[in-house]
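Sequence first, then the predicted structure, then my questions.
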Amino acid sequence: MPSMRTVSHPTLYRIHPVSFRDGNGDGVGDVLGMMAALPYLKMLAVDGLLLPQALPPETGAQVAGHGLALWHSEGANRICRSAAPEQHYARGVLALEVMPFSVEKLVAVLNSHRHRLAESVWSTGEADQPRVVSHWGQGDLRSAQAFLTLLALLPAPICLYQGEELGLPHAADLQEPLGAQTPMPWHEAPEQVTAGEIHWYQQVAIEHRALAISRQQHDNNSTLRYCQSLLALRRLPVIQHGELSSVSQRDGVIRLLITHQDQCLEALINLQPYTQPAVPSEATVPLAWQHGAQQEGHQWVLAGFASAIFTRNVNCESRGVTHG
């Protein structure tokens, strides 16, 4: 049995059961389908599953057998670990607090919670809210990676809503909550069931078929692969044990500064669709990979929705990881 990884700030994955995955062929999401999806969720590098209500203990044991914990919502504003109810957090939904969306408002909200950030589970998506790519990103699919970067770097518990790791846009008018509840696109197929009447929770949205898991998992440049890398980055001690020392923005580029003991992580995230220059607080050099961000002299040039992540010790030895 795989051991459950102990983390200070878990990464949860919110499932909307009726449309997540069908396990018995009737086109409706069920526990059997959720169990079949556990290897995918483990590969995604999440720490637990968040469900609308608690499941039987035997189901929790099966999920734990894959190294994942079960969590559930308790009322509108509380999230509890099913096997240990004493472990609980408040519910922090950035999409509800940053309305209407602006980079300035986002920075203000993060600053208002900065000193108590780790007391809540933070998310940018919910089953009854417009998907973040359409709401905050104005439908630009590139924005998915920028908002995933912002969420993943928060030194606090976070929660991905199903499909955010794929960069799914809202599948309806933004005022229609069902647009965030359509079935997960496991395969490039028009529906999850092929006989009888097809209901909304059985039909994969047209906008989502090209973003199917079956396609993205074989594309190293996909949003899914990008998300996997980000969630692996979340395991750094500076994120798991650090605190958000400052958050600011200039011309739509957000700067996060996270510190822990002698470590510091600085992120520059361009939340605009066009290229922007940005200057980190210390001289940095690339560490691993870069897409859409490049160094020009003392500054970095970030393509639309690109980001650059730097880490350094207090002696100012620096290294950078860039994405875009």
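Looks like it arrived, so ask away.

which stretches of the stretch 1-150 of the chain form strands?
With DSSP state E, counting those that start in this stretch as the criterion, the stretch 1-150 of the chain has strands at 11-14, 48-51, 69-73, 78-81, 84-93, 120-123.

So which bits of stretch 115-130 are buried?
Residues of stretch 115-130 classed as buried: 117, 118, 120, 121, 122, 123, 124, 125, 126, 127, 129, 130 (neighbour count, 16 or more other CB atoms under 10 Å). C-beta here means a position set from N, CA and C on the backbone, and glycine is covered the same way.

same deal with stretch 83-96?
Of all the residues in stretch 83-96, those buried under the rule 16+ other CB under 10 Å are 83, 89, 91, 92, 93, 94, 95.

With stretch 300-317 instead?
Residues of stretch 300-317 classed as buried: 300-312 (neighbour count, 16+ other CB under 10 Å).

any chance of these in CSV, plus pLDDT and secondary structure?
Shown next, in CSV, are the buried residues of stretch 300-317 (pLDDT from 0 to 100; DSSP: H, G, I helix; E, B strand; the rest coil):
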residue, pLDDT, secondary structure
300, 89, strand
301, 93, strand
302, 94, strand
303, 96, coil
304, 96, coil
305, 96, coil
306, 95, coil
307, 93, strand
308, 90, strand
309, 90, strand
310, 87, strand
311, 84, strand
312, 78, strand
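
Taking these, tell me the two that lie furthest apart.
Across the buried residues of stretch 300-317, the longest distance by CB to CB is 26.5 Å; it joins 304 and 312.

Okay, now the unreliable bits of the stretch 101-250 of the chain?
189-201 (pLDDT under 70).

residue ranges for the helices of the stretch 101-250 of the chain, please.
For the stretch 101-250 of the chain, the helices defined by DSSP state H, counting those that start in this stretch occupy 103-113, 132-135, 143-152, 213-216, 223-233, 237-240.

right, and those - which one's nearest residue 252?
helix 103-113 (5.1 Å).

Report the angle between the closest one and strand 84-93.
For helix 103-113 against strand 84-93, the angle by axes from the mean of the first three to the mean of the last three CA atoms, to 10 degrees is 150 degrees.

And helix 103-113, what's buried?
Neighbour-count burial for helix 103-113 flags 103, 106, 107, 109, 110, 113 (criterion: 16+ other CB under 10 Å).

Now render those residues as TSV, adding distance to residue 30.
Shown next, in TSV, are the buried residues of helix 103-113 (distance: CB to CB, whole Å):
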residue	distance to residue 30
103	40
106	37
107	41
109	36
110	37
113	36
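
ok, the residues you listed vs residue 9, which is closest?
For the buried residues of helix 103-113, the residue nearest residue 9 by CB to CB is residue 113; the value is 14.1 Å.

ok, the residue most central in space within the chain - contacts?
For the chain, the residue nearest the mean C-alpha position is residue 160 (4.2 Å; CA atoms, centre = their mean). Contact partners of residue 160, counting by CB atoms under 8 Å, 6 or more residues apart in numbering, are 11, 12, 13, 14, 46, 123, 125, 151, 227.

one more time with 10 Å
Residue 160 sits next to 11-14, 41, 44, 46, 50, 123-125, 148, 151-152, 227, 231 when contact means CB atoms under 10 Å, 6 or more residues apart in numbering.

Just the buried ones from these?
Buried members of the contacts of residue 160, counted by 16+ other CB under 10 Å: 11-14, 41, 44, 46, 50, 123-125, 148, 151-152, 227, 231.

between the strands of the stretch 1-150 of the chain, which gets nearest to residue 204?
The nearest among those, by CB to CB, is strand 11-14 at 18.9 Å.

The closest one packs against which elements?
Helices and strands touching strand 11-14, by 3 or more CB pairs under 10 Å, 6 or more residues apart in numbering; DSSP states H and E, are helix 38-44, strand 48-51, strand 69-73, strand 78-81, strand 120-123, strand 158-161, helix 223-233.

thinking again about what came up before, save the helices of the stretch 101-250 of the chain as a markdown table, and put in distance to residue 72 too.
Output for the helices of the stretch 101-250 of the chain, formatted as a markdown table (distance: least, CB to CB, whole Å):
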| stretch | distance to residue 72 |
| --- | --- |
| helix 103-113 | 23 |
| helix 132-135 | 23 |
| helix 143-152 | 21 |
| helix 213-216 | 25 |
| helix 223-233 | 21 |
| helix 237-240 | 23 |
